[in-house]
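A.B. asks: following is a predicted model, sequence given first.
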Amino acid sequence: MNDRVPESILDSARVLDEVSRAWDGDIVRQLTDYIAIPAKSPMFDPQWAEHGHIDRVVRNAAAWVEAQKIDGLRLEVIRLEGRTPVLFFEVPAATGNGGQTVSTQTVLMYGHLDKQPEFSGWRHDLGPWTPKYEDGKLYGRGGADDGYAVYASIAAIAALKSQKVAHPRIVGLIETCEESGSYDLLPYVDALRAPGNNRLGDVGLVICLDSGAGNYDQLWLTTSLRGMASGVLKVEILSEGVHSGDASGVVPSSFRIMRQVLDRLEDSATGRLLPQSFHCEVPAERLAQAQATAAILGEELYRRFPWVHYDCEGETRVALPMTTDPLQALLARTWAPTLSVTGAEGLPELQNAGNVLRPYTAFKLSLRLPPLIDAAQAVQELKAVVEDNAPYQARVTFEGMSSATGWNAPASEPWFEQALNVASRNYFGASCGYIGQGGTIPLMNMLSKGFPKAQMMVCGVLGPKSNAHGPNEFLHVPYARRLTAAVAQVIAQMP
């Protein structure tokens with residue numbers, strides 16, 4: 001691919017108008033129906049096939065795509081035995097009205113339809129499966145992460161077709177296992193790239209709409225993603241619970257042993273992870289971009305979270321972040337390893353908690369890893385650190401559940417950087433921003449290895465307070481409209 005940027009003959013005002021009408025007239029309604037379906041990822045719903053929710057959202061999305069009657073589009077729902085389904089579509093290259101030369105490479109558009117579980121704490125009038133459209137925000141689980149992606153992708157293609165603008169071949173890959181670590185996806189990618197029948201083609205541009213935004217005022221390109229490893233750490237000291245008055249002082253608490261074990265991993269005073277192999281140096285380009293982004297976003301990098309606050313005798317206090325330096329906050333959530341406890345077992349509900357020394361404590365751990373750290377190796381080291389030489393010879397085990405190595409974007413080619421800025425200025429009135437994200441998209445590392453020269457347009461609608469995975473998740477519809485238009489613009493400018 002060369003660096004020449006073709007002059008875009010897209011009428012940007014018309015693109016935004018058509019895309020907005022598609023969103024307001026149909027896509028919001030489709031996503032409202034989608035949110036109401038509890039299509040939880042297989043890690044959270046092992047009986048997903050019997051329940052049928054994943055199949056239902058795939059069927060609905062496929063029916064909608066076909067109803068748009070995009071010229072030349074072919075769609076297939078692919079099912080490998082024992083695996084969650086994938087929606088695959090392809091649109092042949094078009095030379096447009098002017099008979100222009102188009103790239104021989106392919107644009108790959110990616111999204112997912114599976115969801116995180118419910119979680120608690122939703123506003124009284126909201127719920128994970130109770131969609132509500134209010135003040136331009138569509139509330140409910142999965143609309144922003146990432147159910148909208150297939151609808152936005154097709155709306156962007158429709159905008160190109162409406163103006164008969166030249167575009168490369170486009171394929172779409174919509175999976176249903178992303179929130180479980182995408183373990184079902186690689187077999188599909190292998191099948192689609194089979195020798196002699198490579199349906200993905202020579203991918204020159206990847207468009208992934210499963211990421212975030214620093215604000216809602218400009219287009220944001222994700223430059224890196226952290227890796228992730230999850231699993232269950234269990235500490236067992238007794239075969240059954242015993243009277244705490246009789247045993248405490250002789251039998252060590254499984255919770256105290258758990259604290260000792262976790263102290264091997266993390267400095268509880270600072271949150272810094274102790275194994276040096278979990279850390280890496282931040283590349284100079286990413287550091288420079290982080291400095292520029294910190295200057296744009298400032299205190300919003302930490303103020304955007306729902307900090308607890310309370311009044312005490314007239315004094316208002318608010319919980320504090322780990323740092324108030326915008327640059328350090330940005331680097332800590334994108335290039336530093338972190339450990340979170342996301343679930344617990346072995347502890348009864350408070351109303352049923354008697355004076356019993358519990359036999360075991362189990363925590364589900366979420367380990368976020370810097371983009372350049374190999375997740376599989378980190379899991380093995382974590383297991384060794386926590387299991388070896390257990391206090392009191394307790395039975396300490398770590399069982400991994402899922403892992404994915406992070407991702408660092410390839411260098412941007414001139415045409416790509418220019419196209420992003422043109423799109424951002426056309427539809428947002430500001431230049432494109434560059435930001436690392438603390439979450440994980442397992443496919444990105446896989447695609448970078450398979451298509452090392454491809455440009456990666458990793459963007460998304462997960463801006464301030466959108467709260468994916470938590471309560472009150474929302475899709476910012478005005479931003480989604482403009483992002484959809486920006487996607488069409490970048491495709492049109494691919495040389």
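C.D. replies: That came through fine.

A.B. asks: any stretches of the protein with poor pLDDT?
C.D. replies: Scanning the chain for pLDDT under 70 picks out 1-8, 311-314.

A.B. asks: ramachandran angles for the residue located most distally from the centre of it?
C.D. replies: Ranked by distance from the centre of the chain (C-alpha atoms, centre = their mean), the top residue is Asp246, with 48.6 Å. Torsion angles at Asp246 (phi, psi; degrees, to the nearest 10) stand at phi -80, psi -40.

A.B. asks: need the contact list for it.
C.D. replies: Under the criterion of C-beta atoms under 8 Å, 6 or more residues apart in numbering, Asp246 has no neighbours. Any C-beta I mention is one placed from the backbone N, CA and C, and that applies to glycine too.

A.B. asks: give me the distance between it and Ala344.
C.D. replies: 25 Å (C-beta to C-beta, to the nearest Å).

A.B. asks: now for Leu372: which residues touch it?
C.D. replies: Leu372 neighbours (C-beta under 8 Å, 6+ apart): Cys280, Gly406, Asn408.

A.B. asks: right, and the second one touches Asp374 too?
C.D. replies: No: with contacts defined as C-beta atoms under 8 Å, Gly406 does not count as touching Asp374, sitting 9.3 Å away.

A.B. asks: who touches both of those two?
C.D. replies: Gly227.

A.B. asks: tell me which of these two has more neighbours.
C.D. replies: Legend: neighbour count by other C-beta atoms under 10 Å for Gly406 and Asp374, higher for Gly406 (29 against 15).

A.B. asks: relative to Gly439, how far out is that one?
C.D. replies: Using C-beta to C-beta, Gly406 is found at 10 Å from Gly439.

A.B. asks: what do those two both touch?
C.D. replies: Leu225, Arg226, Met228.

A.B. asks: pull the number of nearby residues for the first one.
C.D. replies: Summarising burial for Leu225: neighbours were counted as other C-beta under 10 Å, giving 29.

A.B. asks: next one: the residue farthest from the centre of the chain from Leu238, what distance?
C.D. replies: 12 Å.

A.B. asks: which residues in the stretch 251-400 of the chain form helices?
C.D. replies: 254-265, 284-297, 300-303, 326-332, 375-387 (DSSP state H, counting those that start in this stretch).

A.B. asks: tell me what the fourth one is packed against?
C.D. replies: It stands for helix 326-332. Where contact means 3 or more C-beta pairs under 8 Å, 6 or more residues apart in numbering; DSSP states H and E, helix 326-332 is packed against helix 284-297, helix 300-303.

A.B. asks: with the longest one instead?
C.D. replies: Here helix 284-297 touches strand 220-225, helix 326-332, strand 433-437, going by 3+ C-beta pairs under 8 Å, 6+ apart.

A.B. asks: buried deepest among the ones you listed, which one?
C.D. replies: Across these, averaging neighbours per residue (mean count of other C-beta atoms under 10 Å) puts strand 220-225 on top, at a mean of 26.

A.B. asks: what's the angle from it to strand 433-437?
C.D. replies: Put simply, strand 220-225 runs at 30 degrees to strand 433-437, going by axes from the mean of the first three to the mean of the last three C-alpha atoms, to 10 degrees.

A.B. asks: okay, angle between strand 220-225 and helix 284-297 too, please.
C.D. replies: 140 degrees.

A.B. asks: how distant is strand 220-225 from the center of its chain?
C.D. replies: 11 Å (C-alpha atoms, centre = their mean, to the nearest Å).

A.B. asks: tell me what whatever helix or strand comes next after it is packed against?
C.D. replies: Later in the chain than strand 220-225, the nearest helix or strand by DSSP states H and E is strand 227-236. Contacts defined by 3+ C-beta pairs under 8 Å, 6+ apart place strand 227-236 against helix 254-265, strand 338-345, strand 360-369, helix 375-387, strand 395-404.

A.B. asks: how distant is strand 227-236 from the center of its chain?
C.D. replies: So, by C-alpha atoms, centre = their mean, the centroid of strand 227-236 is 20 Å from its chain's centroid.

A.B. asks: could you spell out the sheet neighbours of that strand, each with its direction?
C.D. replies: In the sheet, strand 227-236 lines up against strand 360-369 (antiparallel), strand 395-404 (antiparallel) (DSSP bridges).

A.B. asks: quick one, which of the ones you listed gets closest to Thr101.
C.D. replies: Set against Thr101 and scored by C-beta to C-beta, those come closest in strand 395-404, at 38.2 Å.

A.B. asks: outside of whichever helix or strand comes after the closest one, which residues touch it?
C.D. replies: Note on strand 395-404: by DSSP H and E, the next helix or strand toward the C-terminus is strand 407-408. Contacts to strand 407-408, defined as C-beta under 8 Å, 6+ apart, come from residues Thr223, Ser224, Leu225, Gly227, Pro283, Arg286, Pro371, Leu372, Ile441, Met444, Asn445, Ser448.

A.B. asks: any idea how far Val261 is from Glu387?
C.D. replies: Glu387 is 9 Å from Val261, by C-beta to C-beta.

A.B. asks: just grab the bridge partners of the nearest residue to Gly201 once chain neighbours are set aside for me.
C.D. replies: Nearest non-adjacent residue to Gly201, counting by C-beta to C-beta, 6 or more residues apart in numbering: Thr106, 3.7 Å away. Thr106 has these beta-bridge partners by DSSP bridges: Arg169, Val203.

A.B. asks: wait, isn't Thr106 in contact with Leu200?
C.D. replies: Yes: shown here, Thr106 and Leu200 form a contact pair, counting by C-beta under 8 Å, at 6.7 Å.

A.B. asks: so for these two, which residues contact both of them?
C.D. replies: Val171.

A.B. asks: between those two, who's got more neighbours?
C.D. replies: The neighbour count for Thr106 versus Leu200, taken as other C-beta under 10 Å, is higher for Thr106 (22 against 18).

A.B. asks: tell me the contacts of Ser224?
C.D. replies: Arg286, Thr334, Trp335, Pro371, Gly406, Trp407, Asn408, Ala409, Gly436, Gln437.

A.B. asks: contact partners for the second one?
C.D. replies: Contacts of Thr334 were listed using C-beta under 8 Å, 6+ apart, and they are Ser224, Arg226, Ala290, Pro371, Ile435, Gly436, Gln437, Gly438.

A.B. asks: rebuild those residues as CSV, extending it with distance to Gly429.
C.D. replies: Compiled in CSV, the contacts of Thr334 are given as follows (distance: C-beta to C-beta, whole Å):
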residue, distance to Gly429
Ser224, 26
Arg226, 31
Ala290, 24
Pro371, 31
Ile435, 18
Gly436, 24
Gln437, 23
Gly438, 27
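
A.B. asks: which one of those residues is nearest Tyr479?
C.D. replies: Ile435 (14.5 Å).
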